[in-house]
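Asks: requesting a structural model of the entry that follows:
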Amino acid sequence: MLELDVKIEAGDLYDYLLVHTYNSPAGILGACFGALLVVIGALRGKWVFLAAGIVVLAYLPWTLFLKSRQQALRNSAFHKPLHYCLDEEGISVSQDGEEQRQAWSDMVKAISTSRSIIVYTSRVNATIFPRRQLGDQLGALIGMISTHMPPGKVKIRQ
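Replies: Here you go, the predicted model:
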């Protein structure tokens with residue numbers, strides 16, 4: 001069993017939103033479209049295309065940044081640490097006397113970024129474990145996830 005206390009901050013949400021968005025078809029398509037506009041604008045000297053491409057490329061990260069800040073301020077769950085307990089059955093999270101549990105078999109995938117370990121509990125929802133708060137428990141967390149989830153669902157780099 002592994003127990004962790006984690007306080008999610010706006011930067012952690014931003015990291016999750018960036019990864020989640022840019023790994024979706026819409027995020028990839030938007031980035032490719034913006035890059036194409038920049039290339040066309042630069043090669044043909046069309047400043048309108050260049051400016052439009054820069055706007056398209058900057059729009060999504062900027063709106064995700066604002067969304068993460070607003071979510072961190074408005075959602076009371078992010079104001080206090082969340083207590084996670086990972087055991088043989090799954091992951092439970094508790095805060096202020098309320099507890100939710102998710103079985104390992106229900107987990108969609110687990111990925112890593114330079115800032116976080118992210119365990120998707122559904123296609124759009126995830127549990128975020130910021131690396132800076134894990135300290136020496138990082139290895140134990142990765143081991144627990146890797147042991148209880150099928151290898152095809154785990155894409156975590158140390």
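Asks: in the helix or strand harbouring Leu17, what's buried?
Replies: Using DSSP states H and E, Leu17 falls within helix 10-22. Across helix 10-22, burial judged by 16 or more other CB atoms under 10 Å covers Ala10, Gly11, Asp12, Leu13, Tyr14, Asp15, Tyr16, Leu17, Leu18, Val19, His20, Thr21. (Glycine included, C-beta is placed from N, CA and C.)
Asks: now stretch 128-148
Replies: Ile128, Phe129, Pro130, Arg131, Gln133, Leu134, Leu138, Leu141, Ile142, Met144, Ile145, His148.
Asks: now the residues you listed in a markdown table, with secondary structure, distance to Leu29 and pLDDT?
Replies: Below are the buried residues of stretch 128-148 laid out as a markdown table (DSSP: H, G, I helix; E, B strand; the rest coil; distance: CB to CB, whole Å; pLDDT from 0 to 100):
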| residue | secondary structure | distance to Leu29 | pLDDT |
| --- | --- | --- | --- |
| Ile128 | strand | 25 | 94 |
| Phe129 | strand | 29 | 95 |
| Pro130 | strand | 29 | 95 |
| Arg131 | helix | 30 | 94 |
| Gln133 | helix | 34 | 92 |
| Leu134 | helix | 34 | 91 |
| Leu138 | helix | 34 | 92 |
| Leu141 | helix | 33 | 93 |
| Ile142 | helix | 32 | 93 |
| Met144 | helix | 35 | 92 |
| Ile145 | helix | 30 | 94 |
| His148 | helix | 34 | 93 |
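Asks: how near is the closest residue to Val124 other than its chain neighbours to Trp47?
Replies: Spatially, and ignoring its direct neighbours in sequence, Val124 is nearest to His20 (7.5 Å; CB to CB, 6 or more residues apart in numbering). To Trp47, His20 is 33 Å away according to CB to CB, to the nearest Å.
Asks: ditto for Pro130
Replies: For Pro130, the distance to Trp47 - CB to CB - is 41 Å.
Asks: one more: Tyr16?
Replies: 35 Å.
Asks: what's the angle from the helix ranked longest in the chain to helix 10-22?
Replies: In terms of residue count, the longest helix belonging to the chain (DSSP state H) is helix 47-74. Interaxial angle, helix 47-74 versus helix 10-22 (axes from the mean of the first three to the mean of the last three CA atoms, to 10 degrees): 130 degrees.
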